[in-house]
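K.L.:
No letters, just coordinates:
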């Protein structure tokens, strides 16, 4: 049987999830046959250029629609329940012993069961041999259940919000870790956390870093860059952009020559714009909105320093290993960041970048000033950063590790399922 991988994603495409696209493109370059299954349609207003290079077909999983009983016609108009039942009936036509396997769905939400049945049927019809989901949330819930229905093994990649957010249900994550053929996570920090938190259930977790296609990211020395600070990311709490604006106010107060551009959009945009105005920074700090990936690369490579003052949000949300940091380092722009999750594995203080404490605008300002005013330090850090990216974050090397995991995965028998979940 030829190998066909079903990628299970909550939404596809997503502006902020270039790491998924990088991974799929690397697989396709190696000849892997991929089919994408998205639980929901995209909701972003902008998309990255590289999405157009993906050859895989995208399947959007249908959701049951709401209906009602027509009293005037005394007939049944289709309801969510009738659509749900029809999907189960269709799945049973192509999946042996489907009705007995529905016991696997105990405790799952109705929408997860519906989508898993749809996915299971489509996977059988399309000849899918392995499921891989990104994020240990709903995409993995659906992949796990579809795996039990079909006998197709599944793996998933755990990132950050799906591990650390206050909404994570420990028992649910434990089931997913136990049942997966293998679990991948993106940093040693995450690996250690999962093993400490879930013990034996996390014994099959492996660390594989996200990666970049370095052929698309040419290094440029930062020696002669203008005093420009750039930050790229969603305008949400965990990005720490409020602290960056405070640091810019400090730089202005000490008469440091600089400009700051913030690229992105998000729920805190109005709050951040108001803060810029309140601190009188309109002439030095600008929120420029979202930009296509190629434009972002140009902006990053024009800057003297990339600011990534990430924090742990009040709800536990935090970044894992942001792709934009990898990209900045590959392009030759030295980075200032914080010690959140696995970031120090990438931004190694005084070696490949500078690390400052979370929520510390004063230390952030000092680090930014150092890189704005010291070309030799910029060059030293950026050279070493590029070397690290080339040695540990090449997507073609790292995706090969993931394909080896796919190849080694075997279906779980009913006996194994019972043992793991007993």
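P.N.:
Structure received. None of the values given here were measured: they were computed from a predicted structure.
K.L.:
part of a helix, is residue 261?
P.N.:
No - according to DSSP: H, G, I helix; E, B strand; the rest coil, residue 261 belongs to no helix; its state is strand.
K.L.:
Neighbours of it, how many?
P.N.:
Other residues near residue 261 number 19, with proximity taken as other Cβ atoms under 10 Å. For the C-beta atoms, the positions are set from N, CA and C on the backbone; glycine is no exception.
K.L.:
what are the bridge partners for it, then?
P.N.:
Residue 261 forms beta bridges with residue 230, residue 286, as assigned by DSSP bridges.
K.L.:
Tell me where the stretch 51-200 of the chain has helices.
P.N.:
Secondary structure of the stretch 51-200 of the chain by DSSP state H, counting those that start in this stretch: the helices cover 80-94, 98-101, 110-126, 138-150, 161-164, 170-179, 188-198.
K.L.:
Of these, flag the one that's most buried.
P.N.:
helix 138-150 (a mean of 27; mean count of other Cβ atoms under 10 Å).
K.L.:
So, low pLDDT: which residues of the stretch 251-400 of the chain?
P.N.:
Applying pLDDT under 70 to the stretch 251-400 of the chain flags no residue at all.
K.L.:
burial measure for residue 315, as a count.
P.N.:
13.
K.L.:
typed the wrong thing, it's residue 32
P.N.:
Neighbours around residue 32, by other Cβ under 10 Å: 17.
K.L.:
gap between it and residue 23?
P.N.:
10 Å (Cβ to Cβ, to the nearest Å).
K.L.:
Pull the contacting residues for the closest residue to residue 229 other than its chain neighbours.
P.N.:
Leaving out its chain neighbours, the residue that sits closest to residue 229 by Cβ to Cβ, 6 or more residues apart in numbering is residue 260, at 4.2 Å. By Cβ atoms under 8 Å, 6 or more residues apart in numbering, residue 260 lies in contact with 228, 229, 230, 231, 244, 248, 281, 284, 285, 286, 307.
K.L.:
Can you flag the buried ones in the residues you listed?
P.N.:
In the contacts of residue 260, burial by neighbour count holds for 228, 229, 230, 231, 244, 248, 281, 284, 285, 307, counting by 16 or more other Cβ atoms under 10 Å.
K.L.:
now, among those, which is nearest to residue 173?
P.N.:
Of all those, residue 173 sits closest to residue 231, with 31.3 Å by Cβ to Cβ.
K.L.:
how about residue 265, what does it touch?
P.N.:
Contacts of residue 265 (Cβ under 8 Å, 6+ apart): 45, 234, 235, 289, 290.
K.L.:
and the helix or strand where residue 366 lies with strand 259-263, angle?
P.N.:
If you go by DSSP states H and E, residue 366 is part of helix 361-373. Helix 361-373 and strand 259-263 meet at an angle of 110 degrees, taking axes from the mean of the first three to the mean of the last three Cα atoms, to 10 degrees as the criterion.
K.L.:
buried stuff in helix 361-373?
P.N.:
Buried residues in helix 361-373, defined by neighbour count with 16+ other Cβ under 10 Å: 361, 363, 364, 365, 366, 367, 368, 369, 370, 371, 372.
K.L.:
Look up how far residue 376 lies from the fifth one.
P.N.:
In this structure, residue 366 and residue 376 are separated by 17 Å, where distance is defined by Cβ to Cβ.
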